[in-house]
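> One predicted model, sequence on top.
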Amino acid sequence: MAKSINQVILMGRLTRDPETRTTTTGKTITSFSIAVDRGGQDDQADFFDVTAWEKLGELVSQYLSKGRRCLVQGRLRQDSWDDKESGKKRSKVEVVATDVTFLDGPSGDDNQGGQSNYRSNSSNNNSNKKSDDVVIEDIDDKPIDLSEIPF
(Lines give C-alpha, C1' and ligand atoms only; values in the text may rest on other atoms or scores of the structure.)
Protein backbone atom coordinates (compact mmCIF):
# COMPACT_ATOMS: atom_id res chain seq x y z
CA MET A 1 0.00 0.00 0.00
CA ALA A 2 1.28 3.46 -0.88
CA LYS A 3 2.32 5.81 1.89
CA SER A 4 0.42 9.09 2.21
CA ILE A 5 2.24 12.41 2.06
CA ASN A 6 1.07 15.76 3.36
CA GLN A 7 3.87 18.30 2.93
CA VAL A 8 3.94 21.86 1.68
CA ILE A 9 6.76 24.35 1.11
CA LEU A 10 5.94 28.02 0.57
CA MET A 11 8.08 31.14 0.21
CA GLY A 12 6.52 34.55 0.47
CA ARG A 13 6.04 37.74 2.47
CA LEU A 14 3.98 38.19 5.61
CA THR A 15 0.75 40.05 4.93
CA ARG A 16 0.28 41.00 8.60
CA ASP A 17 2.17 40.88 11.87
CA PRO A 18 2.07 37.49 13.63
CA GLU A 19 -0.54 37.10 16.38
CA THR A 20 0.24 34.89 19.38
CA ARG A 21 -2.34 33.46 21.77
CA THR A 22 -2.47 30.71 24.39
CA THR A 23 -4.76 27.68 24.32
CA THR A 24 -6.76 26.55 27.35
CA THR A 25 -4.12 23.87 27.95
CA GLY A 26 -1.37 26.49 28.12
CA LYS A 27 0.25 25.94 24.70
CA THR A 28 1.14 28.96 22.60
CA ILE A 29 0.07 29.26 18.98
CA THR A 30 1.10 31.94 16.53
CA SER A 31 -0.93 32.76 13.43
CA PHE A 32 0.25 34.68 10.38
CA SER A 33 -0.42 34.89 6.66
CA ILE A 34 1.92 34.92 3.71
CA ALA A 35 1.48 36.05 0.12
CA VAL A 36 3.20 33.92 -2.51
CA ASP A 37 3.69 35.53 -5.91
CA ARG A 38 2.49 33.39 -8.78
CA GLY A 39 5.49 34.53 -10.84
CA GLY A 40 4.42 35.77 -14.20
CA GLN A 41 3.38 39.06 -15.53
CA ASP A 42 -0.06 39.23 -13.96
CA ASP A 43 1.34 40.34 -10.56
CA GLN A 44 -1.07 38.08 -8.72
CA ALA A 45 -0.43 36.25 -5.48
CA ASP A 46 -1.90 33.40 -3.48
CA PHE A 47 -2.53 33.92 0.23
CA PHE A 48 -2.04 31.26 2.90
CA ASP A 49 -2.87 31.19 6.60
CA VAL A 50 -0.09 29.63 8.70
CA THR A 51 0.02 28.48 12.33
CA ALA A 52 3.16 27.74 14.31
CA TRP A 53 3.07 26.09 17.73
CA GLU A 54 5.12 26.50 20.91
CA LYS A 55 8.76 27.62 20.50
CA LEU A 56 8.59 27.90 16.71
CA GLY A 57 5.61 30.24 17.02
CA GLU A 58 7.37 32.32 19.67
CA LEU A 59 10.39 32.75 17.38
CA VAL A 60 8.17 33.72 14.45
CA SER A 61 6.41 36.29 16.60
CA GLN A 62 9.72 37.67 17.85
CA TYR A 63 11.58 37.94 14.53
CA LEU A 64 9.01 38.31 11.75
CA SER A 65 6.72 41.19 10.92
CA LYS A 66 4.54 42.37 8.04
CA GLY A 67 6.47 42.47 4.75
CA ARG A 68 9.31 40.17 5.85
CA ARG A 69 10.17 37.20 3.64
CA CYS A 70 10.18 33.64 4.94
CA LEU A 71 10.18 30.04 3.78
CA VAL A 72 7.57 27.88 5.51
CA GLN A 73 7.60 24.08 5.53
CA GLY A 74 4.76 22.16 7.06
CA ARG A 75 1.57 20.24 6.42
CA LEU A 76 -1.93 21.18 5.33
CA ARG A 77 -4.78 20.91 7.83
CA GLN A 78 -8.46 21.32 7.08
CA ASP A 79 -10.98 22.48 9.68
CA SER A 80 -14.74 22.38 9.20
CA TRP A 81 -17.50 23.73 11.43
CA ASP A 82 -21.12 24.90 11.42
CA ASP A 83 -21.50 28.68 11.33
CA LYS A 84 -23.59 29.64 14.36
CA GLU A 85 -25.12 32.70 12.67
CA SER A 86 -26.07 31.24 9.28
CA GLY A 87 -26.11 27.52 10.13
CA LYS A 88 -24.05 26.79 7.03
CA LYS A 89 -21.15 24.37 6.93
CA ARG A 90 -17.81 26.25 6.75
CA SER A 91 -14.29 25.00 6.15
CA LYS A 92 -10.77 26.36 6.05
CA VAL A 93 -7.40 24.97 4.93
CA GLU A 94 -4.29 26.22 6.71
CA VAL A 95 -0.60 25.38 6.88
CA VAL A 96 0.74 24.00 10.17
CA ALA A 97 4.41 25.02 10.14
CA THR A 98 7.11 22.59 11.19
CA ASP A 99 10.03 24.73 9.95
CA VAL A 100 10.38 28.45 9.21
CA THR A 101 13.40 30.04 7.56
CA PHE A 102 13.71 33.81 7.95
CA LEU A 103 15.00 35.12 4.62
CA ASP A 104 15.49 38.82 5.28
CA GLY A 105 18.37 40.28 7.23
CA PRO A 106 17.85 42.04 10.56
CA SER A 107 17.15 45.38 8.85
CA GLY A 108 14.55 43.86 6.53
CA ASP A 109 16.96 43.81 3.58
CA ASP A 110 17.02 40.89 1.18
CA ASN A 111 20.33 39.93 2.74
CA GLN A 112 20.93 36.22 2.33
CA GLY A 113 23.56 36.39 5.08
CA GLY A 114 20.75 37.01 7.55
CA GLN A 115 19.01 33.69 7.02
CA SER A 116 17.91 31.90 10.15
CA ASN A 117 16.29 28.49 10.24
CA TYR A 118 14.00 27.36 13.05
CA ARG A 119 12.47 23.91 13.27
CA SER A 120 9.57 22.72 15.37
CA ASN A 121 10.55 20.38 18.22
CA SER A 122 7.92 17.91 17.08
CA SER A 123 9.73 17.33 13.79
CA ASN A 124 13.33 17.21 15.01
CA ASN A 125 14.22 16.85 18.66
CA ASN A 126 17.95 17.03 17.94
CA SER A 127 17.81 20.59 16.58
CA ASN A 128 18.44 22.12 20.01
CA LYS A 129 21.61 20.14 20.75
CA LYS A 130 24.77 22.22 20.67
CA SER A 131 27.71 20.89 18.71
CA ASP A 132 31.20 21.57 20.03
CA ASP A 133 33.76 22.81 17.52
CA VAL A 134 37.11 21.04 17.51
CA VAL A 135 40.19 23.08 16.72
CA ILE A 136 43.17 21.18 15.37
CA GLU A 137 46.37 23.08 15.93
CA ASP A 138 49.17 20.74 14.81
CA ILE A 139 48.87 19.01 11.46
CA ASP A 140 51.85 17.15 10.11
CA ASP A 141 52.50 15.71 6.67
CA LYS A 142 52.80 12.09 7.80
CA PRO A 143 50.72 9.56 5.84
CA ILE A 144 47.55 8.28 7.52
CA ASP A 145 47.59 4.66 8.71
CA LEU A 146 44.15 3.34 7.66
CA SER A 147 44.28 0.58 10.29
CA GLU A 148 44.03 3.24 13.02
CA ILE A 149 40.65 4.48 11.83
CA PRO A 150 38.00 3.03 14.22
CA PHE A 151 35.31 2.41 11.59
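Cool, got the structure. Computed from a predicted structure; not experimentally measured.

> State the pLDDT value of D82.
Note on D82: pLDDT of 88.

> who touches it in this structure?
Residues near D82 by C-beta atoms under 8 Å, 6 or more residues apart in numbering: K88, K89, R90. C-beta here means a position set from N, CA and C on the backbone, and glycine is covered the same way.

> and which of those is nearest to G26?
G26 has its nearest neighbour among the contacts of D82 in R90, at 27.6 Å by C-beta to C-beta.

> Tell me if V60 really is in a helix.
Yes - counting by DSSP: H, G, I helix; E, B strand; the rest coil, V60 is located in a helix.

> Look up how far M11 lies from the residue nearest the centre of the chain.
Residue closest to the mean C-alpha point of the chain, counted by C-alpha atoms, centre = their mean, is V100 at 1.8 Å. Using C-beta to C-beta, to the nearest Å, V100 is found at 11 Å from M11.

> which neighbours do those two share?
Taking C-beta under 8 Å, 6+ apart as the contact criterion, the common neighbours of V100 and M11 are C70, L71, V72.

> helix, strand or coil for the last one?
Pointing back at V72 there. Secondary structure for V72, judged by three-state DSSP, is strand.

> My guess is it contacts E94. True?
No - the pair V72 / E94 is not scored as a contact, 11.1 Å apart, by C-beta atoms under 8 Å.

> So between the two, which is more surrounded?
V72 (23 against 17; other C-beta atoms under 10 Å).

> Could you give the bridge partners of that one?
Beta-bridge partners recorded for V72 (DSSP bridges): L10, V100.
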